[in-house]
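J.: coordinates only, sequence not included:
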C-alpha cells in the first residue's frame, strides 16, 4: 500500500517546502510536488514533516532504565520516547560491574527486536566503565576502572553484534589497545567522562575517535601547568571540524546561550542533540509519586531531575522533542538546523545509511509536528505508531 502525506511543510536539508511525501513497504518512494498514485492519504494539516528523530544516548524513561534488565524496562521507555518523536533509539548502559553489564546486555539481546517495541533499536551504547575517576559525574565511582582486556574482549565477543558505540576516557587506554579492539569490531568510539588533554586525545583522534560524549558534562578543559596552558577535550572538539559533539539540549544542562555558542562553532554538521534521559524521562513529580516503579531519591522540578537538597542535577528527563523545542524557541537556532542535529547528524555518526533524511529509498521513519514541536503523528518503518 502506498501512503501519501499531504499539506505538510516538509523539512529537507536547509529548506522547508510544501511537498508530498510518498512511502510504501517501509521505504520512502518520493518527496515531490507531483501528484503520484497512492492508496491512503495522511493529511499533515499544515504541520511540519521531517525525518524521525534519532537519540544515540538515552538511559531510560517513564520510570524505567534499561539496566533494570527486564522486558518491561526495555519496552516501556522505548515506547514512551517514540511518542515524542524518537523513531530510532540507542539504549545506554552506565558504568557497572562486569556481571551487571553482562546481565543487562543479555536481556537486551533477548528483547531489543521484540515486536512490542515501537521505535527502531539501533543498538546499545556502552557509557563506561573505562572512565576518569576525576570526571565520573553521576557514574558510580566504585565501578570506574581502566580498560581490562579480558573484560572488553569477552563483551565484544558475546555482544559485539548489539554494541554499536562505546564511550571511554582515551587517556586511560594504554597503547590505544581498547580503541583498536573497538575499531576491529566496528563499534563507534566516543571520548567521554574524560580528563584528557590535547596530546592524550590526539592518538585516539588519529585512530578514528571523533565523537565527544555530552560536551561540557564531564569533559576536560584548559589547565595551566608551570604557567603553560594545555587544551582539554572541549577545546580539542572546537579545533577539529570533523569531531562530533553530543549536546544535552534540555536548556538545563546547557543554557540557551551555551547551546547557541556550540552551534556557532560546530555548526549543523557536527553538533548532535541527545537526551541522556534517566529513569524519570518524560515524567513530572506527580507522575513519579503516583508511579508503580523503582523510586530514586530525586526531585523533578524545572524540567530536570535534582538531588533532594536541590544542590545539583541528578540527570536529564528530556525527550527529543524537548531538545528541538529548546534549540528553536530558547537558543534561536533555525528549525532546519535543529532538526538536522537530531536526524541527519546522529545517523551519520552511527552509520545509519538509510535513516535521518526524507529521501527516496530511505526508511519511512517520519514525524509530523506543530510549530511548538508537539508531535501529531509518528511513523516508524511505514507504520503509524503514534497519533495525537
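T.: Arrived safely. Because the structure is a prediction, the values reported are computed rather than measured.

J.: average pLDDT across stretch 39-59?
T.: In this model, stretch 39-59 carries a mean pLDDT of 98.

J.: Over to that stretch now: how far is its first residue from its last?
T.: End-to-end distance for stretch 39-59: 39 Å, by Cα to Cα, to the nearest Å.

J.: Now do the lowest-mean-pLDDT helix or strand in the chain: distance to the chain's middle.
T.: Every helix and strand in the chain was compared by mean pLDDT, DSSP states H and E; the lowest is strand 313-315, with a mean of 90. Going by Cα atoms, centre = their mean, to the nearest Å, the spacing between the C-alpha centre of strand 313-315 and its chain's C-alpha centre is 17 Å.

J.: average model confidence for the helix or strand just after that strand?
T.: The first helix or strand that comes after strand 313-315 along the chain, using DSSP states H and E, is helix 320-325. On average, the pLDDT along helix 320-325 is 98.

J.: again, but for stretch 70-87
T.: Mean predicted confidence for stretch 70-87 is 98.

J.: cool, stretch 107-116 as well?
T.: 97.

J.: Next: stretch 247-259.
T.: For stretch 247-259, the mean pLDDT works out to 96.

J.: How about stretch 141-152?
T.: Stretch 141-152 comes out at a mean pLDDT of 97.

J.: Which positions in it come out as buried?
T.: Neighbour counts over stretch 141-152 (16 or more other Cβ atoms under 10 Å) mark 143, 144, 145, 147, 152 as buried. In this view, the C-beta of every residue, glycine as well, is placed from N, C-alpha and C.

J.: So which of the residues you listed belong to helices?
T.: residue 152 (DSSP state H).

J.: any idea how the protein splits into domains?
T.: 2-48+374-387, 53-354 (automatic domain parsing).

J.: A helix includes residue 379, no?
T.: No. Going by DSSP: H, G, I helix; E, B strand; the rest coil, the assignment for residue 379 is strand, not a helix.

J.: on that earlier part again, closest one to residue 319 out of the buried residues of stretch 141-152, please.
T.: Closest approach to residue 319 among the buried residues of stretch 141-152 (Cβ to Cβ): residue 143, at 27.3 Å.

J.: I figured the closest one hits residue 98, correct?
T.: No. The criterion here is Cβ atoms under 8 Å, and residue 143 misses it with residue 98 at 9.4 Å.

J.: So which elements touch the host helix or strand of residue 56?
T.: Counting by DSSP H and E, the element that carries residue 56 is strand 53-58. Under the contact definition 3 or more Cβ pairs under 8 Å, 6 or more residues apart in numbering; DSSP states H and E, strand 53-58 sits against helix 71-82, strand 86-93, strand 124-127, strand 271-274, helix 320-325, helix 344-349.

J.: Tell me which of those lies nearest to residue 161.
T.: strand 124-127 (9.9 Å).

J.: So which elements touch that closest one?
T.: The contact analysis (3+ Cβ pairs under 8 Å, 6+ apart) places strand 124-127 against strand 53-58, strand 86-93, helix 98-111, strand 163-168.

J.: and among those, the most buried is which?
T.: Counting by mean count of other Cβ atoms under 10 Å, strand 53-58 has the highest mean neighbour count of the helices and strands packed on strand 124-127, with a mean of 30.

J.: Mind listing residues that contact that strand?
T.: For strand 53-58, the surrounding residues in contact (Cβ atoms under 8 Å, 6 or more residues apart in numbering) are 77, 81, 84-92, 122, 125, 127, 165, 213-214, 246, 272, 274-277, 281, 320-321, 324, 342-343, 346-347, 349-350, 352, 355-356, 367.

J.: and the angle from it to helix 71-82?
T.: Put simply, strand 53-58 runs at 140 degrees to helix 71-82, going by axes from the mean of the first three to the mean of the last three Cα atoms, to 10 degrees.

J.: Report the angle between strand 53-58 and strand 86-93.
T.: For strand 53-58 against strand 86-93, the angle by the same axes, to 10 degrees is 10 degrees.

J.: Partner strands of strand 53-58 and their direction?
T.: Sheet pairing of strand 53-58 (DSSP bridges) gives strand 86-93 (parallel).

J.: which residue packs closest to residue 21, ignoring adjacent ones?
T.: residue 5 (4.1 Å; Cβ to Cβ, 6 or more residues apart in numbering).

J.: Let me know how buried the one you found is, in neighbour terms.
T.: 24 (other Cβ atoms under 10 Å).

J.: In three-state terms, label it for me.
T.: The local conformation at residue 5, judged by three-state DSSP, is strand.

J.: Tell me the secondary structure at residue 131.
T.: State at residue 131, reduced to three classes by three-state DSSP: coil.

J.: Next one, pLDDT for it please.
T.: 97.

J.: Next: residue 195.
T.: Model confidence at residue 195, given as pLDDT, is 97.

J.: what's around it, how many residues?
T.: So residue 195, with other Cβ under 10 Å, has 21 neighbours.

J.: out of everything not next to it in sequence, what's closest to it?
T.: Among residues not flanking residue 195 along the chain, residue 132 sits closest, at 4.1 Å (Cβ to Cβ, 6+ apart).
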